[in-house]
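Trainee: Provided below for reference: sequence and predicted model.
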Amino acid sequence: MKTKKNDFFDRVLEIVAQIPYGKVTTYGAIAEVCGVKSAARTVGWALNRASESGLPCHRVVNRFGALSGKVHFGSPTLMRDLLESEGIEFDDDDCVDMKKYFWEPS
DNA sequence: ACATTGACCTACA
DNA sequence: TTGTAGGCCAATG
């Protein structure tokens, strides 16, 4: 019974996979929905695997709406390009308008 | 097997 | 008010 072990990890992937088009979410939000808001770091790790799982990890940003993991996409401009391609606009600091594109996971 | 890092966030002093 | 410290899960050296 290999149950309950990757629960957290797995749950994060599920949520990220449910992010709608043209929307973005934050690590803290996912961690909070997972049950442990303090595990925001683990969410980032999950995303690392998510990129290999085919999940839209580029729609996940940090609390400031900045693309913290853009470097992990292979190209620092790839993540922003993808979000812009979805209709998402960026701020002067390369931050996404959270109050407009913030999607709350369920 | 142990210790450290890793795309973070929240809380307290 | 700003700054520092802690915490969570998993993977890697």
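Mentor: Structure received.
Trainee: need the contact list for the closest residue to DNA strand B within chain A.
Mentor: Closest contact between chain A and DNA strand B, by C-beta to the nearest atom of the strand, is at A:Gly69 (2.0 Å). From N, CA and C alone the C-beta is placed, and that goes for glycine too. A:Gly69 makes contacts with A:Gly44, A:Leu47, A:Asn48, A:Cys57, A:Val60, A:Met79, as judged by C-beta atoms under 8 Å, 6 or more residues apart in numbering.
Trainee: ok, 7 Å please
Mentor: Residues in contact with A:Gly69, defined by C-beta atoms under 7 Å, 6 or more residues apart in numbering, are A:Gly44, A:Leu47.
Trainee: phi first, then psi, for it.
Mentor: phi -100, psi 20 (degrees, to the nearest 10).
Trainee: got any ranges where chain A has weak pLDDT?
Mentor: A:1-6 (pLDDT under 70).
Trainee: could you pull out the helices in chain A for me?
Mentor: Remark: helices assigned in chain A by DSSP state H are A:7-17, A:27-34, A:40-53, A:78-85, A:98-101.
Trainee: could I get the ones you listed as TSV with mean neighbour count and distance to A:Gly65?
Mentor: Below are the helices of chain A laid out as TSV (neighbours: other C-beta atoms under 10 Å; distance: least, C-beta to C-beta, whole Å):
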stretch	mean neighbour count	distance to A:Gly65
helix A:7-17	18	16
helix A:27-34	21	12
helix A:40-53	18	15
helix A:78-85	16	10
helix A:98-101	13	5
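Trainee: want to throw those helices into CSV with distance to DNA strand C?
Mentor: Output for these, formatted as CSV (distance: least, C-beta to the nearest atom of the strand, whole Å):
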stretch, distance to DNA strand C
helix A:7-17, 4
helix A:27-34, 8
helix A:40-53, 4
helix A:78-85, 21
helix A:98-101, 19
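Trainee: could I get the ones you listed as a markdown table with distance to A:Asp91?
Mentor: Listed next are the helices of chain A as a markdown table, based on distance: least, C-beta to C-beta, whole Å:
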| stretch | distance to A:Asp91 |
| --- | --- |
| helix A:7-17 | 23 |
| helix A:27-34 | 18 |
| helix A:40-53 | 21 |
| helix A:78-85 | 11 |
| helix A:98-101 | 10 |
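Trainee: cheers, nothing more for now.
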